[in-house]
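J.: Provided below are the primary sequence and the corresponding predicted coordinates.
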Amino acid sequence: MERVLTVDVGNTTTRFGLFTADDGDAPELLGSCEFTTQQPLTCDEARIQVRQALALLDARDIDGAILSCVVPSLTDTWRQALAALCDRRPLVVGPGLKTGVQMRYDDPSEVGPDRIADVVAARTAYGAPAVVVDLGTTTNFEIIDDRGAFAGGIIAPGVALGARSLAAAAARLPIIELRAPARVIGRNTRAAMQSGVVFGEVARIDGLLDAAIAEAGLADPTVIVTGKGAATIAALLRHDAAVDDTLTLRGLALLWAANRK
């Protein structure tokens, strides 16, 4: 039984997942944790973060690792840090890695590694067709068609980014907590902003889901919401949606299992 560390480096947070893997069995998640993404970051600092993550996950060492990084300037840093902590060369999601997914994208190399991991995990766990809504610095939609191919997607500003932009652009608007207010019509500035940001995001997601599902001709797709605040947003959607907080990490573990040597 091998233990593999999955590392998902986003613009805002870096998430770690520890999985056990064996031939013929799907990787099993033992635990996960996350840190704020540091930019810039040295290899020594990345190694310290990995050690901290392993301590939090009650693991002394790992047999393998796989990296998804959407910050190009940090990819080599994390690759080197992971290589120093396990005997096997760490895998990096990108060109040359087997995914088993047909990509109907004009240039597949443009697709972020986290989006690929989402598609792999969603197909395995939920089947096809499906739509993944991944909430992060951006809100990403991944469309999986009836045959299980990645048909394309949508990239929009994330809910937290929208809230920060409001506060930064308007001198009298404060930083707000991202939660749904009691009513749509706010009776104070904070409640009004929360309504616009949270309910506005929900309306946008519902509307984009309607348009994407109709355009792709999907028959009763499963909608999966993952990322920061997934449970809050999913509960407010008009569409029925599954909440899957570890979707990306599990996709990385599946990719590692398919590509390990």
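T.: Nice, thanks for sending it over.

J.: give me the contact list for the lowest-mean-pLDDT helix or strand in the chain.
T.: Least confident helix or strand, the chain: helix 159-169 with a mean of 89, by mean pLDDT, DSSP states H and E. Contacts with helix 159-169, where a contact means C-beta atoms under 8 Å, 6 or more residues apart in numbering, come from 12, 135, 137-139, 157, 173-176, 178, 193, 196-198, 200-201, 228-229, 233. Any C-beta I mention is one placed from the backbone N, CA and C, and that applies to glycine too.

J.: weed out the non-buried ones from the residues you listed.
T.: Among the contacts of helix 159-169, those buried by neighbour count (16 or more other C-beta atoms under 10 Å) are 135, 137-139, 173, 176, 178, 193, 196-198, 201, 228-229, 233.

J.: looking at those, which are in strands?
T.: When strands are assigned by DSSP state E, the members of the buried ones among the contacts of helix 159-169 inside them are L135, T138, T139.

J.: the residue located most distally from the centre of the chain sits in which helix or strand?
T.: Distance from the C-alpha centroid of the chain peaks at R187, with 34.4 Å (C-alpha atoms, centre = their mean). For R187, there is no enclosing helix or strand under DSSP states H and E.

J.: number the residues from 51 up from this point.
T.: In the new numbering, first residue 51, that becomes R237.

J.: please name the residues that touch it.
T.: Per C-beta under 8 Å, 6+ apart, neighbours of R237: none.

J.: can you list contacts of stretch 269-276?
T.: Residues contacting stretch 269-276 (C-beta under 8 Å, 6+ apart): 168, 172, 176-185, 194, 196, 259, 263, 283-284, 287, 289-298.

J.: packing partners for the helix or strand containing L259?
T.: Using DSSP H and E, L259 sits in helix 250-266. Other elements packing on helix 250-266 under the criterion 3 or more C-beta pairs under 8 Å, 6 or more residues apart in numbering; DSSP states H and E are strand 180-185, strand 188-194, strand 200-207, helix 209-219, helix 280-286.

J.: go through these and find the least confident stretch.
T.: Set side by side, the helices and strands packed on helix 250-266 differ in mean pLDDT, and helix 209-219 is lowest with a mean of 89.
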